[in-house]
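Asks: Sharing a sequence plus its predicted fold:
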Amino acid sequence: MSIKEYFASIFSGLWSLLQGMAVTGKELFTPKVTEKYPENRATLQIPERFRATLRFVYDEQGHHKCIVCGSCERNCPNGTISITSHMETLAETLPNGKPKTKKKLDKYLYDLGSCTFCDLCVTSCPTGAIEFSNDFEQAVFTRAKLVKQLNDRPEPEEVAKPAAKPAAEEPKPVAEAEKPNNEPKETA
Ligand code: SF4
Ligand code: SF4
């Protein structure tokens with residue numbers, strides 16, 4: 001290396017250092033943008049389309065729109081959704097006289113811990129029964145708590161049912177000791 005090249009490399013290094021320090025120095029005087037979370041929770045703006053967790057859509061009467069078709073469960077790429085249901089016989093009958101039946105949802109389980117937020121479940125749902133909320137505060141202490149039952153409200157018709165009366169108490173058999181002793185007493 002010649003002396004000229006030697007000094008050129010020193011000046012090049014110094015120039016590079018000054019450029020870096022100029023960037024750092026500029027940041028010293030720009031306004032801070034750090035979010036003071038959680039102190040600013042009340043004013044925090046979370047984008048509406050942010051996907052935080054899946055939830056059921058309920059109407060004003062408390063009905064959800066899930067018809068238990070299983071489309072969301074089938075389309076989920078990693079088994080995050082698990083649905084259990086049973087068949088219920090209705091009071092109405094079909095033209096052939098047979099009673100109508102309907103699939104009834106038992107449990108709609110969603111594992112937030114394995115969800116990739118791809119939205120395939122929501123887009124494949126034919127009734128718009130599920131949606132993502134933007135409630136981002138979902139931290140829990142155990143993975144088990146990330147498994148949520150989405151149909152967590154009682155069915156409105158179940159709420160409207162009158163409470164079953166407790167069965168009337170059957171008269172207890174009179175204890176032998178309490179029975180009146182009508183037998184004649186032996187005399188000496
Ligand atoms: S967002 Fe994707 S990964 Fe999450 S439950 Fe829906 S389909 Fe499954
Ligand atoms: S949430 Fe939608 S796609 Fe999933 S079972 Fe219910 S109706 Fe079908």
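Replies: Ah, there it is. Ligands and ions are numbered 1, 2, ... in the order given.
Asks: Tell me, please, where in this structure the pLDDT is lower than the cut-off.
Replies: Of all residues in the chain, those with pLDDT under 70 make up the ranges 158-188.
Asks: can you give me the strands in it?
Replies: Taking DSSP state E as the test, the strands found in the chain are 53-56, 81-93, 99-111, 130-133, 147-149.
Asks: Select, out of the ones you listed, the one closest to ligand 2.
Replies: strand 130-133 (4.6 Å; Cβ to the nearest ligand atom). Backbone N, C-alpha and C define where each C-beta goes, glycine included.
Asks: helices or strands up against that closest one?
Replies: Helices and strands touching strand 130-133, by 3 or more Cβ pairs under 8 Å, 6 or more residues apart in numbering; DSSP states H and E, are strand 53-56, helix 120-124.
Asks: which of the ones you listed is buried the deepest?
Replies: When neighbours are counted by mean count of other Cβ atoms under 10 Å, the highest per-stretch mean among these falls to strand 53-56, a mean of 19.
Asks: Check which helices and strands it is in contact with.
Replies: Using 3+ Cβ pairs under 8 Å, 6+ apart as the contact definition, the elements that strand 53-56 packs against are strand 99-111, strand 130-133.
Asks: re earlier: which of the strands of the chain is buried the deepest?
Replies: A comparison of those by mean neighbour count, using mean count of other Cβ under 10 Å, puts strand 53-56 on top with a mean of 19.
Asks: close to ligand 2, is it?
Replies: No: figure legend: strand 53-56 not in contact with ligand 2 (Cβ under 6 Å from any ligand atom); closest approach 7.7 Å.
Asks: Mind listing residues that contact that strand?
Replies: The set of residues that contact strand 53-56 without belonging to it, under Cβ atoms under 8 Å, 6 or more residues apart in numbering, is 64, 66, 81, 108, 110, 112, 115, 121-122, 129-133, 135, 138, 148, 150-152.
Asks: rerun at 6 Å
Replies: Counting by Cβ atoms under 6 Å, 6 or more residues apart in numbering, strand 53-56 makes contact with 64, 110, 112, 130, 132-133, 138, 150, all of which sit outside it.
Asks: just stretch 89-103 next, same as before
Replies: If you take Cβ under 6 Å, 6+ apart as the criterion, stretch 89-103 is touched by 68, 85, 87-88.
Asks: possible to save those residues as JSON lines with distance to residue 32?
Replies: What follows is the contacts of stretch 89-103, written out as JSON lines (distance: Cβ to Cβ, whole Å):
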{"residue": "68", "distance to residue 32": "51"}
{"residue": "85", "distance to residue 32": "53"}
{"residue": "87", "distance to residue 32": "60"}
{"residue": "88", "distance to residue 32": "59"}
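Asks: Quick check, central residue of the protein?
Replies: Taking Cα atoms, centre = their mean as the criterion, residue 148 is the residue nearest the geometric centre of the chain, at 4.3 Å.
Asks: List the contacts of the residue lying closest to that residue once chain neighbours are set aside.
Replies: Of all residues beyond its chain neighbours, the one nearest residue 148 is residue 110 (5.2 Å), with distances taken as Cβ to Cβ, 6 or more residues apart in numbering. Each residue near residue 110 by Cβ under 6 Å, 6+ apart is listed here: 54, 81, 148, 150.
Asks: Okay then, goodbye and thanks.
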